[in-house]
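A.B. asks: Curious how this folds, go ahead:
(chains A and B)
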Amino acid sequence: MNGRIINPGQAEGEAIVSREPIGFYGGIDPKTGIVIEKGHELEGQSVTGKVLVFPCGKGSTVGSYVIYGLSANKVGPAAIVNKETETIVATGVILAGMPCVDGIDIDQINTGDRLKVDADSGTVEKL
Amino acid sequence: MHLTKEEEKILDGEQGEVPARMLRLLSRLGDIYGADGMIPVGSVQVAGVSYKSIGDPGTEFLEDMAKKGAKVQVLTYLNPAGMDLENWKEYGFPSDFAENQLRIMNAFKEMGIVITATCTPYLAGNLPRFREHIAWSESSAVSFSNSVIGARTNREGGPSALAAAIIGRTPNYGLHLDENRVPTVLVDVSAEMDYMADFGALGYHVGKQVKNKIPYFKGLGSPNTDQLKALGAAMAASGAVALYHAEGITPEAHMQDTSGLDTISVGTEELKATYDTLNTGDMPDIVILGCPHASLREISTLANEVKGKSLKKPVWICTSRVMKEASDRMGFTEIIEDAGGHVVADTCMVVSPIEQMGYSTTAVNTGKGANYLPGFCKQSVVFNNVHELIRRVTE
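C.D. replies: Numbering: from 1, shown residues only, chains lettered A, B, ... in the order given. Next comes the predicted model:
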């Protein structure tokens, strides 16, 4: 699958897929990498070391700092794949130096798929 | 987005890791928004200053940037902090909060940012000129500079403003371009507009309806800059208005074509209904004025209202450190303190932890404060003009 480079880098990992948008501030604990938003489809699950796949970000702009914090605390996802990356997530992955690609048909990806994200060329491959 | 050779070199790391990352952020945002290239900015205002807003993740990011030697290239000011940076103890701000807030201020200072924390930089020594490109963050300051001054800025997030300060440039899109500054809705005002609170109510009412459109006002009379500040602040809070024009008042209004635009009419009835909507509380625990930060004129108005009286509830007027010094010198601060009030600098009610300080009903005279207090600070709101609010806490 070909998409757009939001932030370069390469990563391989297990996909964790959210069909609904993710708000990082108040949504994911930057100390543990666990989704804490009440009622979110990923509530209670860890994003650490996985390829986090979701349509787009939502909520507070402080979410960018949470993405940075996840990475600085070494509990962040290995990469992010979006349908469309908006500014909060774009800002966060660039601050964090996290590989990120958007413009991907995420309906073709399921939780548990093994993915190779090449954000230097903007491609996502199912292994 | 097109980058110059010089910008490409920065991106390749010629100036180090921080500028490379900051330029990548700007260039990616430019791609997302369809910018053709970058333009130099004359000044920056960075948001995301209060510890209450950015928490540990933001604090640690800023400290890391400072440690890596990040330095700003242009005049850069800050949004309000979460407390008065000098008198926080006296006003009852929690000490663990203060400790984290001071870490944030130190990180900004190390980067060369002027730690004048205000939502009215234009009243505190950061005044852009007509048509100057700038990168400001705080929504009321963005509205004032675009609308009343005619400078050009998008509403920047904290990191994108910081990046613009470090690179000295911003992507050229949105309100930097003439074609995106034309009015998209007409607002015909027939209500009588006397107090700043009236302008706040008008702004709240219009912002709710127009969301992120560009309103063109007719019938505003002859407002002063404090009233225009209140109008823009409320529209930016209840909607996402970053630019408005007002016939015969703002500098770009005469260049605009308003034919064929939808019209919103605001009369006495609509204004009164807005007052009713904004009032969700009864007796205030505290009165907080100065959202956005009060001008010296607003501080002197409050001093006149409270002179020789005894306040039964705390009254704060929030302002920049610069205005507070003028107020001290003129004796306004002393008059307000003698009555039992405070002139609080560097912070504001929205970003300070008032809900942790035992207050649950706050009285305000601005539409912006009335808009944010219920959500951000879990407050019931009493909304009225300053004369009426002071009457309620002195009788």
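
A.B. asks: check contacts around the closest residue to chain B within chain A.
C.D. replies: For chain A, the residue closest to chain B is residue A:69, as judged by CB to the nearest CB, at 3.2 Å. Where C-beta positions appear, they are placed from N, C-alpha and C, glycine not excepted. When contacts are counted by CB atoms under 8 Å, 6 or more residues apart in numbering or on different chains, residue A:69 touches A:30-31, B:56-57, B:60-61.

A.B. asks: Which of the three states applies to the residue nearest the centre of chain A?
C.D. replies: Chain A has residue A:80 as the residue nearest its centroid, 3.0 Å off, counting by CA atoms, centre = their mean. Secondary structure assignment for residue A:80 (DSSP: H, G, I helix; E, B strand; the rest coil): strand.

A.B. asks: Which residue, other than its chain neighbours, is closest to it?
C.D. replies: residue A:100 (4.4 Å; CB to CB, 6 or more residues apart in numbering or on different chains).

A.B. asks: Quick check: beta-bridge partners of that neighbour?
C.D. replies: residue A:7, residue A:80 (DSSP bridges).

A.B. asks: Return the residues of chain A in contact with chain B.
C.D. replies: Contact residues, chain A versus chain B (CB under 8 Å from any CB of the partner chain): A:4, A:6-7, A:30, A:61-62, A:64-66, A:68-69, A:72, A:85-88, A:90-91, A:94-95, A:97.

A.B. asks: Now the buried members of those.
C.D. replies: The neighbour-count test (16 or more other CB atoms under 10 Å in any protein chain shown) marks A:4, A:6-7, A:30, A:61-62, A:64-66, A:68-69, A:72, A:85, A:87-88, A:90-91, A:94-95 as buried among the residues of chain A next to chain B.

A.B. asks: Please report the separation between the first and final residues of stretch B:102-116.
C.D. replies: 13 Å (CA to CA, to the nearest Å).

A.B. asks: mind listing the strands for the chain?
C.D. replies: If you meant another chain, say so; for now it's chain A. Using DSSP state E, the strands found in chain A span residues A:4-7, A:10-17, A:51-54, A:79-82, A:100-102, A:114-118, A:123-126.

A.B. asks: was after chain B, sorry
C.D. replies: Under DSSP E, chain B gives strands at B:38-40, B:43-46, B:75-78, B:169-171, B:185-189, B:215-218, B:245-246, B:263-266, B:286-294, B:315-319, B:342-345, B:361-364, B:380-383.

A.B. asks: Let's have the ones you listed in TSV, adding mean neighbour count.
C.D. replies: Listed next are the strands of chain B as TSV, based on neighbours: other CB atoms under 10 Å in any protein chain shown:
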stretch	mean neighbour count
strand B:38-40	17
strand B:43-46	29
strand B:75-78	26
strand B:169-171	27
strand B:185-189	20
strand B:215-218	22
strand B:245-246	24
strand B:263-266	16
strand B:286-294	28
strand B:315-319	28
strand B:342-345	25
strand B:361-364	26
strand B:380-383	22
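
A.B. asks: Does the helix or strand of chain B with the lowest mean pLDDT reach chain A?
C.D. replies: Counting by mean pLDDT, DSSP states H and E, chain B has its least confident helix or strand at helix B:367-377, which shows a mean of 85. No - applying CB under 8 Å from any CB, one finds helix B:367-377 out of contact with chain A, separated by at least 10.8 Å.

A.B. asks: Also stretch B:166-184?
C.D. replies: No - using CB under 8 Å from any CB, stretch B:166-184 stays clear of chain A, coming no nearer than 11.3 Å.

A.B. asks: how about that stretch as PDB, C-alpha atoms only?
C.D. replies: Output in PDB follows, covering the C-alpha atoms of stretch B:166-184 (Å, rounded to 0.1, in the frame of the first residue of the first chain):
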ATOM      1  CA  ILE B 166      13.400  28.800  15.800                       C
ATOM      2  CA  ILE B 167      13.400  28.900  12.000                       C
ATOM      3  CA  GLY B 168      12.100  32.500  11.700                       C
ATOM      4  CA  ARG B 169       9.700  31.400   9.000                       C
ATOM      5  CA  THR B 170       6.200  29.900   8.600                       C
ATOM      6  CA  PRO B 171       4.500  28.100   5.700                       C
ATOM      7  CA  ASN B 172       2.600  30.500   3.400                       C
ATOM      8  CA  TYR B 173      -1.100  29.500   3.500                       C
ATOM      9  CA  GLY B 174      -4.400  30.400   5.000                       C
ATOM     10  CA  LEU B 175      -4.600  33.900   6.400                       C
ATOM     11  CA  HIS B 176      -1.200  34.900   5.000                       C
ATOM     12  CA  LEU B 177      -2.900  35.100   1.600                       C
ATOM     13  CA  ASP B 178      -5.100  37.900   0.400                       C
ATOM     14  CA  GLU B 179      -7.700  35.600  -1.100                       C
ATOM     15  CA  ASN B 180      -8.400  33.900   2.200                       C
ATOM     16  CA  ARG B 181      -9.000  37.200   4.000                       C
ATOM     17  CA  VAL B 182     -12.300  38.100   2.300                       C
ATOM     18  CA  PRO B 183     -15.500  38.300   4.400                       C
ATOM     19  CA  THR B 184     -17.900  35.300   4.200                       C
END
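
A.B. asks: Now do the helices in chain A.
C.D. replies: A:63-72, A:87-96 (DSSP state H).

A.B. asks: which secondary structure elements does the last one contact?
C.D. replies: So that's helix A:87-96. Secondary-structure packing of helix A:87-96 (3 or more CB pairs under 8 Å, 6 or more residues apart in numbering or on different chains; DSSP states H and E): strand A:4-7, helix A:63-72, strand A:79-82, strand A:100-102, helix B:17-33, helix B:158-167.

A.B. asks: do you know how far the closest residue to chain A within chain B is from residue B:159?
C.D. replies: Closest to chain A within chain B is residue B:57: 3.2 Å, counting by CB to the nearest CB. If you measure residue B:57 against residue B:159 using CB to CB, to the nearest Å, the figure is 11 Å.

A.B. asks: likewise residue B:347?
C.D. replies: Taking CB to CB, one finds residue B:347 at 22 Å from residue B:159.

A.B. asks: for residue A:34, same thing?
C.D. replies: 24 Å.

A.B. asks: Which positions in the stretch 201-350 of chain B make contact with chain A?
C.D. replies: Counting by CB under 8 Å from any CB, no residue of the stretch 201-350 of chain B is near chain A.

A.B. asks: what's the burial count for the closest residue to residue B:373 other than its chain neighbours?
C.D. replies: Setting aside the residues directly before and after it, residue B:373 is nearest to residue B:379 in space (CB to CB, 6+ apart), at 4.1 Å. With neighbours defined by other CB atoms under 10 Å in any protein chain shown, the count for residue B:379 comes to 27.

A.B. asks: what's the distance between residue B:379 and residue B:90?
C.D. replies: Taking CB to CB, one finds residue B:379 at 22 Å from residue B:90.

A.B. asks: again, but for residue B:229
C.D. replies: Taking CB to CB, one finds residue B:229 at 28 Å from residue B:90.
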